[in-house]
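>>> I would like to see how this sequence folds:
(one chain, ligands or ions: 1)
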Amino acid sequence: MDDIFSRPKLSAAERNFRSRIAQLASGRWFLRGTLSHRSGKCGKPNCRCARGELHSSLYLVQSQQGKPRQICVPQAWQARVRQAVHDYQQMQHLIEEVSELEWKRLRERKP
Ligand SMILES: [Zn+2]
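Coordinates of the predicted model:
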């Protein structure tokens, strides 16, 4: 079988990128976007925020088909969402590295 993953021409660097992609791909959540902290008032007149102690909220912001959108991340989800955003960026970085190696292979016409 002509399995590209076991192709002997892969460099050690490329095998390393590919194995990290495989590890990352299994059992992780991925979220594209950036996290942004905002502080504001909830609107309740008796709340501490009305006296100047603003609430801090975490938002996930992303561009979807050219339009920006955002979603508030509840406290209970923050660790998971932070991890998913981090893993997405990590995956994107690894795929970019593999793409760059493939670009060089194409340029040099080395199969
Ligand atoms: Zn409030």
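>>> CA atoms for contacts and neighbours, from now on please.
Will do.
>>> Please tell me how far H93 sits from Q75.
In this structure, H93 and Q75 are 28 Å apart, going by Cα to Cα, to the nearest Å.
>>> Compare these two and say which is more crowded by neighbours.
Just comparing H93 and Q75: by other Cα atoms under 10 Å the higher neighbour count belongs to H93, 14 against 9.
>>> So which elements touch the helix or strand harbouring that one?
Assigned by DSSP states H and E, H93 falls within helix 78-107. With contacts taken as 3 or more Cα pairs under 8 Å, 6 or more residues apart in numbering; DSSP states H and E, helix 78-107 sits against helix 12-25.
>>> buried sites along the helix holding H93?
Residues of helix 78-107 classed as buried: 78, 81-82, 84-91, 94-95, 97-98, 101 (neighbour count, 16 or more other Cα atoms under 10 Å).
>>> Close to the ion: what parts of this protein are there?
42, 47, 49 (Cα under 5 Å from the ion).
>>> Mind doing that once more with 8 Å?
Within reach of the ion by Cα under 8 Å from the ion, the chain has these residues: 40-50, 54-55.
>>> quick one: low-confidence parts of this structure?
Residue ranges of the chain with pLDDT under 70: 1-8, 111.
>>> for it, what's the longest strand?
Counting residues, the longest strand in the chain under DSSP state E turns out to be strand 55-64.
>>> the residue most distant from the middle of the chain, which is it?
N46 (38.8 Å; Cα atoms, centre = their mean).
>>> so that residue sits in a strand?
No. Looking at N46 with DSSP: H, G, I helix; E, B strand; the rest coil, it is coil, so not inside a strand.
>>> for the buried residues of helix 78-107, which one is nearest K9?
Comparing these against K9 with Cα to Cα places L101 closest, at 11.8 Å.
>>> Please name the nearest non-neighbouring residue to the closest one.
Computed as Cα to Cα, 6 or more residues apart in numbering, the closest residue to L101 that is not its neighbour in sequence is E14, at 7.5 Å.
>>> neighbours around the one you found, how many?
Residues near E14, counting by other Cα under 10 Å, number 17.
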